[in-house]
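> Give me a 3D structure for the following:
(2 chains)
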Amino acid sequence: MPPSNPETGRKSRKGASEEVIERTATERTDALGARSLRLAEYYHGKIETVPRVPVRSLADFSLWYTPGIAEVSRAIATDPDRSFDLTGRGNTIAIVTDGSRVLGLGNIGPRAALPVMEGKALLFKYLGGVDAIPLPISVESDTAFIETVERIAPAFGGINLEDIASPKCFRILEELQKRLPIPVWHDDQLGTAAATIAGFLNAVELTGRNVRSMRTVLLGAGAANIATARLLLALGHDPHRLTLVDHKGILDAERRDVDELMVRNRWKYRLALQTDGGDRRGGLVEAVEGADALLAASTPTPDTVKPEHIRAMASGPIVFALANPDPEIWPDIAKAAGAAVVATGRSDFPNQVNNSLIFPAVFRGILDARARSIPDGVVLAAAKELARHAHDAGLTVDHILPTMEETEFSPHVAAAVAEEAVRLGIAGRPRTRAEFYRIALEVMQRPPRLARELARSGVTLPMPDEKSPRRKKR
Amino acid sequence: MTTPKGKTEAERPNPNPTTAGPSVPIHLRPARASDIAQLVPLILRLKRLNEEFDPLLKVRPDAEERASEILKRDISDPEALVLAAEGVGTDKDKVVGVVRARVRERPFYSPEKEGVILDIYLLPLYRRRGVGEYLLQELSAALKAKGAGVLTAEFPVQNEIAIRFYTKQGFRPITTLHGRTM
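Numbering: from 1, shown residues only, chains lettered A, B, ... in the order given. Okay, the predicted model is just below:
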């Protein structure tokens, strides 16, 4: 019997050093959680409404509100499209969730989802200059979800769907994209897939491979990997060399549950038919045999991927272990088993596949171009531009993606997104790429400045558990 | 009698638009007793699919033996029709689909006989590309030869994919079967 870890109760077959890596990473997560809770108790939320206009005296309210404002309403009533210009609509999105699959926590409901949505709104603002309203909703059905979003759409320039369980997230996204005149994005599908593709493209180049001829295994067939598979096929990946694996094994066209998928999850069914298991049958062991890349985005269960899986792959394989917080295999273990490039979803290891690299810039570009939708071409444009930045900054096995600190990539990704929207004829406000870049840079620089100014003046309270520099002087 | 044909051009998503075409990658022939071993799993796949739609369609533990018996009976019954669909090319000799139908009396209505499609199943890779339509044409001709003046199909009422398919082929709902647990 393998020894059981007394702290986690988890059985372990690992050596002492591997155990330490895992333990410290898990401890870091626990410590952060405790601190997040204390800070939430102190700050009561992470975002607030801040005036965008000067208020010199109460008299100004006759401009910002009645009676003056009636003229603005009249203008929009005459031409509804002006709502994007005459209000904040053109820069405001809703972060909508039903709380059915929040982080790795599962179906915790809309109220418990709120802290996460607030955090997302903060990221949207800070990284993308996008005003995002956290909007967890209480609904009983997919149809109610869709109708609710449809009804709130007049207030928003775009919709970001968040933390919705698969497969209903596919139907909700598809249906809303069909119904709404504004762009709709599901970050758990598209944001994660775009960041994955960006890192993947660089890893492919770094290891001297070619997307068209390589064999790739996707472990996990949830929101992210189904979108990743679609994008890989759009990039010219051979469907017969693409194998999706889930908890029931390789997803092939004759798998026992394939008719059930036809009824319940036609997105997965479609991939089963297109790839037919990459012409393989069986489970993960059969899938990874000789494969060039393994992109794991599965339900977080530690040790899903074992060193022997990596050893069975082609020489110097690409391994993305994206489950959060615990990756399917720890990077050091994957590397020891021969992986040439390893990426995870964590910031404490190199190559973090992080959708924060994507979504703020995508929305920046989409809103600046006033795009009506976000087709896959736009998603790929974002991924490729992101990849180019890591590439130009110096591609190494530990740098296939920009880090969050390398913020200069972001307005470039926004401009690439906006330019692609113009090229596809879906931009309501076409500009040149240079103009889009200038606009994005300006808008994106404002929130960090705002945060700095508010902190400096003490309007934003300092962290209660840290000594502020001012106090130190005393 | 009017047919609602053309009225209902139900749009079905095609996952493989590049392979769309009139080519029918199957070869249809009457089933033989020697096919039964290959036909039973297909019938079971269909029944498990039906299970998705209603708890009263829960598949029995002995469904496999029953499928075998029923196929054996119907293959030699002149009032029944069992067709086996074989693949072509590398899948030649592989049974990729099954159709089972019976001719039923209609004592009170005319036409006097109907051909009822009881089971129809194709492995996923052999669907679309006009295969279902071709299957129906062949089946229709064979049942007509057995005296049927009406072609009907039985399937779970919640199976919207089947509804779309048959609607597109000119079918409309005639009678329904309502049920409850006793």
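
> I would like the residues contacting stretch A:322-330, please.
Residues from elsewhere that reach stretch A:322-330, judged by C-beta atoms under 8 Å, 6 or more residues apart in numbering or on different chains: A:18, A:21-22, A:25-26, A:29, A:103-104, A:192, A:196, A:219-220, A:224, A:295-307, A:309-310, A:319, A:321, A:343-346, A:353. In this view, the C-beta of every residue, glycine as well, is placed from N, C-alpha and C.

> Could you list the buried residues of it?
Neighbour-count burial for stretch A:322-330, counted by 16 or more other C-beta atoms under 10 Å in any protein chain shown, picks out A:L322, A:A323, A:P325, A:D326, A:P327, A:E328, A:I329, A:W330.

> same check, this time on stretch A:420-436
Of the residues in stretch A:420-436, A:E420, A:A421, A:V422, A:L424, A:I426, A:A427, A:R429, A:P430, A:R431, A:F436 count as buried by neighbour count, 16+ other C-beta under 10 Å.

> B:R106 and B:A80: what is the separation?
Counting by C-beta to C-beta, to the nearest Å, the gap from B:R106 to B:A80 is 17 Å.

> Which one's more surrounded, these two?
Neighbour count, other C-beta atoms under 10 Å in any protein chain shown: between B:R106 and B:A80, B:A80 has more, with 18 against 14.

> residues touching that one, list them.
Residues in contact with B:A80, defined by C-beta under 8 Å, 6+ apart, are B:R73, B:D74, B:R100, B:A101, B:R102, B:V103.

> A:L103 and A:L218, how far apart?
Using C-beta to C-beta, one gets 21 Å for the distance from A:L103 to A:L218.

> quick one, which of these two is more surrounded?
The residue with more neighbours, out of A:L103 and A:L218, is A:L218; 29 against 13, by other C-beta under 10 Å.

> Could you say which helix or strand holds the more buried one?
In the assignment (DSSP states H and E), A:L218 maps to strand A:216-219.

> what is the mean pLDDT for the helix or strand encompassing B:S140?
Using DSSP H and E, B:S140 maps to helix B:131-145. For helix B:131-145, the mean pLDDT works out to 92.

> Same check on stretch A:154-170?
pLDDT averaged over stretch A:154-170 gives 95.

> What residues sit buried inside that stretch?
Neighbour counts over stretch A:154-170 (16+ other C-beta under 10 Å) mark A:156-170 as buried.

> now, which of those sits nearest B:D91?
For those, the residue nearest B:D91 by C-beta to C-beta is A:P167; the value is 29.7 Å.

> Does that closest one touch A:M262 like I think?
No. Assessed by C-beta atoms under 8 Å, A:P167 is found out of contact with A:M262, at 11.8 Å.

> For chain B, which segments are assigned as helices?
Ranges of helices within chain B are B:36-51, B:63-75, B:131-145, B:160-168, based on DSSP state H.

> okay, those helices, which one's buried deepest?
Mean neighbours per residue, mean count of other C-beta atoms under 10 Å in any protein chain shown, is largest over these for helix B:36-51, with a mean of 19.

> Give me the residue ranges of chain B where confidence is low.
Counting by pLDDT under 70, the ranges of chain B that qualify are B:1-23.
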